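A.B. asks: predicted model and sequence below, questions to follow.
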Amino acid sequence: MDDVTKNARRALIIAAVAFIVVPMVPLASLLMRPFVWLQTFAHEFGHGITSLFVTHELFTINMYADGSASPTAATA
């Protein structure tokens, strides 16, 4: 087994353990909240770029503290 495969396997095992252990840690949801917001922003930004290229229109994105978001079409 080459080094790349070993590193990939190690990273997968670490990620799997973190996936199981992190939710059990008190206040983990608060510590992870900025990453949830970043993921939501990146996801909605992708929708915005696609909308701009396809319809040539922009929309606003309302992000909420729980990590959800709702797009609103811009009106002239």
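C.D. replies: In hand now; what should we look at?
A.B. asks: every contact and neighbour count from this point should use C-alpha atoms.
C.D. replies: Fine.
A.B. asks: buried residues, whichever strand or helix holds Leu38. List them.
C.D. replies: According to DSSP states H and E, Leu38 maps onto helix 28-55. Going by neighbour count (16 or more other C-alpha atoms under 10 Å), the buried part of helix 28-55 is 36-37, 40-41, 44, 48.
A.B. asks: what sits up against the next helix-or-strand element following that helix?
C.D. replies: Sequence-wise, the next helix or strand downstream of helix 28-55 (DSSP H and E) is strand 59-63. Identification of contacts with strand 59-63 by C-alpha atoms under 8 Å, 6 or more residues apart in numbering yields 41, 44, 48, 69-74.
A.B. asks: residue closest to the middle of the chain?
C.D. replies: Central residue of the chain (C-alpha atoms, centre = their mean): Gln39, 1.9 Å from the mean position.
A.B. asks: got any ranges where the chain has weak pLDDT?
C.D. replies: Scanning the chain for pLDDT under 70 picks out the ranges 74-76.
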